[in-house]
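A.B. asks: sequence first, then the predicted structure:
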Amino acid sequence: MLPSADDFLPELQFQTSRSSGPGGQNVNKVESRVELRFSVPNSQLLTEEQKQVLLEKLASRLTTENELLVVAQEDRSQLRNREIVLRKFHDLLLKALHKPKARKATRPSKGAVRKRLESKKKQGEKKANRGRLDF
C-alpha cells in the first residue's frame, strides 16, 4: 500500500520560478510555477522493490541523479500549483506501482460453441440459397 502524498512531504523538495502561463503583467513579478523533486533511491517510505519499479518505469522522467521531477504551472496561484504538483506526483506513483491483475485463461462453454456453430451453419445456408435457380 502506498502512503498518501502528505506522508512524502518531508522527502520532497519544492522550487518556485516564474511561470510562462496566464497572468498578464503579473507573470513577470510572481513565481507561480512549482517544481517538485523527489529522490527515489533516498526515500525512507518506499521499499527496495518499489524503488526498483519506479526507477524502471519512470526512467524517462528521472534526472541523472535519479530524482523524479514534476512541474505545475497551470494556475496563477503558487499555492494551487503546489496542490496540483502534489496530486500529479501521487498519481504518477500510483500508476507506476500498480500491478495489473493476472489474466485467467477461459474457455467458451459447450452450449456457446454449439450455438455459434449453428448460427454459422444457418448463415451459410442462407447465403447458399441466394444463388441462381436452374430451370
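C.D. replies: Structure received.
A.B. asks: what is the subsequent helix or strand relative to the helix or strand residue 92 falls within?
C.D. replies: When secondary structure is defined using DSSP states H and E, the element that contains residue 92 is helix 78-97. Following helix 78-97 in sequence order, the next helix or strand is helix 110-128 (DSSP H and E).
A.B. asks: go through that next one and flag the buried ones.
C.D. replies: Neighbour-count burial for helix 110-128, counted by 16 or more other CB atoms under 10 Å, picks out no residue. The way it works is simple: take the backbone N, C-alpha and C, and place the C-beta from them, glycine included.
A.B. asks: chain center to that helix, what's the gap?
C.D. replies: Helix 110-128 has its average C-alpha position 42 Å from the chain's average C-alpha position, going by CA atoms, centre = their mean, to the nearest Å.
A.B. asks: equivalent analysis for stretch 67-75, please.
C.D. replies: 15 Å.
A.B. asks: confirm residue 31 sits in a strand?
C.D. replies: No. Note on residue 31: no strand contains this position according to DSSP: H, G, I helix; E, B strand; the rest coil, which reports coil.
A.B. asks: give me the phi and psi for it.
C.D. replies: Backbone torsions of residue 31, given as degrees, to the nearest 10, read phi -90, psi 90.
A.B. asks: that one: neighbouring residues, count only.
C.D. replies: Close neighbours of residue 31, defined as other CB atoms under 10 Å, add up to 13.
A.B. asks: and the closest residue to it other than its chain neighbours, what does it touch?
C.D. replies: Leaving out its chain neighbours, the residue that sits closest to residue 31 by CB to CB, 6 or more residues apart in numbering is residue 16, at 4.1 Å. Contact criterion CB atoms under 8 Å, 6 or more residues apart in numbering gives 31-35, 78 as the residues in contact with residue 16.
A.B. asks: just the buried members of those residues?
C.D. replies: 32-35, 78.
A.B. asks: name the nearest residue to residue 82, sequence neighbours excluded.
C.D. replies: Leaving out its chain neighbours, residue 82 is closest to residue 34 (CB to CB, 6+ apart), at 4.9 Å.
A.B. asks: which SS class is that neighbour?
C.D. replies: The local conformation at residue 34, judged by three-state DSSP, is strand.
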